[in-house]
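Asks: take this sequence and fold it.
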Amino acid sequence: MKKIGVLILFFLCLGSSSCDKWLDVRPKDEIYVDDALKDRIGFVKALAGIYLQLAEPGLYGRELKFGMLDVMAGYWIVDSQHDYYAENQFDFQNLAFQQKRDVIWSKMYGAIYQCNLMLSYLDNIRSDVYYNLVKGELLGLRAYIHLEIFKLFGPVTLVKGMNTPAVPYYSTVSKQPEKFSTSKDFLSKVERDLLEAKSLLREDPIITKGKDHNGNVEGQPYNALLDRRGIRMNYYAVMALLVRQAQWAEDRPKAIQRGEELLAQINANKSIRLIEEGDIVFSEETDRRWTVENIWGLYVKDLRKNMDGIFDGDLYISTVLIPDFPDFLAHIYTQGSGSISDYRYKMWGVEDFFFKFWTSNFDAESIQPTNVHFFEMQLINLPEIYLVLAESYLDQNIGEAVKYLDILRIHRGLPKLAGKTGLTALALQDYITDEVRREYIGEGYLYTYYKRLFHPIYRNGYSIEASEAIFMFPLPSNEQLLNPQ
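Replies: Numbers count the residues shown, from 1 in each chain. All right, here's what the predicted structure looks like:
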């Protein structure tokens, strides 16, 4: 069987029935859990269940990527008849929004619960040679998911400061609701988990074998932990998340130190790299989302189904998302700080139907796929590190900030900024924001970027003023009822 076939079998949870049973686990099912988590194979299946849950359409299979979050960020044409109109208008009282919101909250905290449940049984495999890999993945996932919840449901720290209540951080399999942590305490817990994960993953095969390597030996039982570490929580992903955590914690010195440490290691490894001009090829095999830049990408086996009616169809169909280009995105991709030479403008179809997620004749059953990276959904990528470094240097060293931003611009076919007059910290922040807007269309990143900076949200012909009302997802009613603060 070809490698892609093995991957698909793994992400079907090595047998869907066992995965379905795992996802239905409740605290009372202690006998089943004891049996399911008695050896490494059980832990690997359970980890697959967490990845599958994150890949659902209500999470990173659609809504937290090109769907709801990018609608709110202003990328798409959305009229009053569109299914996403409530999200476009920040109508958080709308039932359609609330249903999506409730799925995000419950599924994300459900995945955290699974992480904690597995961690509580981890002594069952303490003598296993891959114990550190399993525990490192679990702690990294727990930290990542918590931080994602914080970005959506937490306060605007630039307005409220770091000492206001944020959201609960669950570190145990407690049946009792957890009190809300302050933003400062919450982000410290994220950091703690990531630092421990980094230590556990210091011998991650990705360091020596790269992100796409299959470390399994022919004739031996297949071990999903060793296959394509780039689509699992890995050592470099944890390092990148520590950079992200420092940025959200408003600790620029840590962001710089961690970002530069990560770049030094990745540049030596070379399996994760920025694209070059030679990567811009127009063919069916083209990897239009440049997954070689992904530090961690989630495998979404149902991605084609999740996109049904989203990036194809008639303009007037109420589900189709078309870039708001002629009078809006044109200004960011081809004018101002942009250029028609931009690789993204050439490759992603931002002027018409969106081609960034396009590939031909490829589905999960394909024996000869034309693009084996089609199902890989970016969760954290190399450009983010350059952008964080550029922003973090703004108040210390403009030259260094320009250097890191220029590295990304060069790898996007844009001219350097170095030597340009009038490059104040304020002007350079605008250049960084322009780059974020160009880079992350379809990725669910821009909305929380605006939130962190308490920045207006640009729309066609106007801007929506920054406010807590548009940047704080209201808590689900069940959480307000069962976990009052």
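Asks: spell out the residue ranges of the strands in the stretch 151-300 of the chain.
Replies: Per DSSP state E, counting those that start in this stretch, the stretch 151-300 of the chain carries strands over the ranges 165-168, 180-182, 294-299.
Asks: burial check on the residue nearest to His373 when sequence neighbours are not counted, number of neighbours?
Replies: Spatial nearest neighbour of His373, chain neighbours left out: Thr291 (4.2 Å); criterion: C-beta to C-beta, 6 or more residues apart in numbering. (Glycine included, C-beta is placed from N, CA and C.) A count of neighbours around Thr291, defined by other C-beta atoms under 10 Å, yields 22.
Asks: what do you get for Ala469?
Replies: With other C-beta under 10 Å as criterion, Ala469 counts 10.
Asks: got phi/psi on it?
Replies: phi -60, psi -30 (degrees, to the nearest 10).
Asks: output the below-cut-off pLDDT ranges for the protein.
Replies: The model of the chain has pLDDT under 70 over residues 1-31, 313, 315, 359-372.
Asks: which helix of it spans the most residues?
Replies: Criterion DSSP state H: the longest helix present in the chain is helix 95-120.
Asks: which strands and helices lie in contact with that one?
Replies: helix 40-54, helix 85-88, helix 131-153 (3 or more C-beta pairs under 8 Å, 6 or more residues apart in numbering; DSSP states H and E).
Asks: columns distance to Ser467 and mean neighbour count on top of those helices, output as JSON lines?
Replies: Listed next are these as JSON lines, based on distance: least, C-beta to C-beta, whole Å; neighbours: other C-beta atoms under 10 Å:
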{"stretch": "helix 40-54", "distance to Ser467": "30", "mean neighbour count": "22"}
{"stretch": "helix 85-88", "distance to Ser467": "16", "mean neighbour count": "20"}
{"stretch": "helix 131-153", "distance to Ser467": "16", "mean neighbour count": "23"}
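Asks: can I get the ones you listed in TSV including distance to Leu329?
Replies: As requested, the helices and strands packed on helix 95-120 are exported to TSV (distance: least, C-beta to C-beta, whole Å):
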stretch	distance to Leu329
helix 40-54	29
helix 85-88	15
helix 131-153	24
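Asks: just the helices in the stretch 201-350 of the chain please.
Replies: For the stretch 201-350 of the chain, helices defined by DSSP state H, counting those that start in this stretch occupy the ranges 205-209, 235-248, 252-269, 303-306, 330-333, 343-347.
Asks: contacts for stretch 37-44, please.
Replies: The contact list for stretch 37-44 (C-beta atoms under 8 Å, 6 or more residues apart in numbering) reads 14, 35-36, 46, 118, 121-122, 124-125, 128, 130, 134, 223-225.
Asks: go on, stretch 264-284?
Replies: 206-207, 210-213, 230, 236, 239, 287, 290, 292-295, 343, 346-347, 359-361, 370-371, 382-383, 407-408, 411, 413.
Asks: again with stretch 444-462
Replies: Here stretch 444-462 has contacts from 60, 64-67, 69-70, 72-75, 151-152, 156-159, 247-248, 324, 327-328, 384, 433, 436-437, 439-440, 463-466, 470-471, using C-beta under 8 Å, 6+ apart.
Asks: switch the cut-off to 6 Å
Replies: 64-65, 69-70, 72-74, 151, 156, 158, 324, 327-328, 436, 440, 463-466, 471 (C-beta atoms under 6 Å, 6 or more residues apart in numbering).
Asks: just to revisit the earlier point, what's the most buried one of the strands of the stretch 151-300 of the chain?
Replies: Burial of the strands of the stretch 151-300 of the chain is given as mean neighbour count (mean count of other C-beta atoms under 10 Å); strand 294-299 ranks first at a mean of 24.
Asks: quick one on the thing from earlier: how distant is the longest helix of the chain from the center of its chain?
Replies: Once both centres are worked out by C-alpha atoms, centre = their mean, to the nearest Å, helix 95-120 turns out to sit 16 Å from its chain's centre.
Asks: need the CA coordinates for stretch 174-191. CSV is fine.
Replies: Output in CSV follows, covering the C-alpha atoms of stretch 174-191 (Å, rounded to 0.1, in the frame of the first residue of the first chain):
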residue,chain,number,x,y,z
SER,A,174,-12.0,16.9,37.6
LYS,A,175,-15.8,16.6,37.4
GLN,A,176,-16.1,20.0,39.0
PRO,A,177,-16.2,23.2,37.0
GLU,A,178,-12.9,25.1,37.1
LYS,A,179,-12.8,28.7,38.3
PHE,A,180,-11.8,31.2,35.5
SER,A,181,-8.1,32.0,35.6
THR,A,182,-6.9,35.6,35.0
SER,A,183,-5.4,36.2,31.6
LYS,A,184,-1.9,36.3,33.3
ASP,A,185,-2.4,33.0,35.1
PHE,A,186,-4.0,31.3,32.2
LEU,A,187,-1.2,32.2,29.8
SER,A,188,1.3,31.1,32.5
LYS,A,189,-0.4,27.7,32.5
VAL,A,190,-0.2,27.5,28.7
GLU,A,191,3.6,28.3,29.0
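Asks: next one: it to chain centre, how far?
Replies: Using C-alpha atoms, centre = their mean, the offset of stretch 174-191 from its chain centre is 21 Å.
Asks: helix/strand/coil for Thr448?
Replies: Counting by DSSP: H, G, I helix; E, B strand; the rest coil, the backbone at Thr448 sits in helix.
Asks: quick one: it from Phe353, how far?
Replies: Distance of Thr448 to Phe353, computed by C-beta to C-beta, to the nearest Å: 26 Å.
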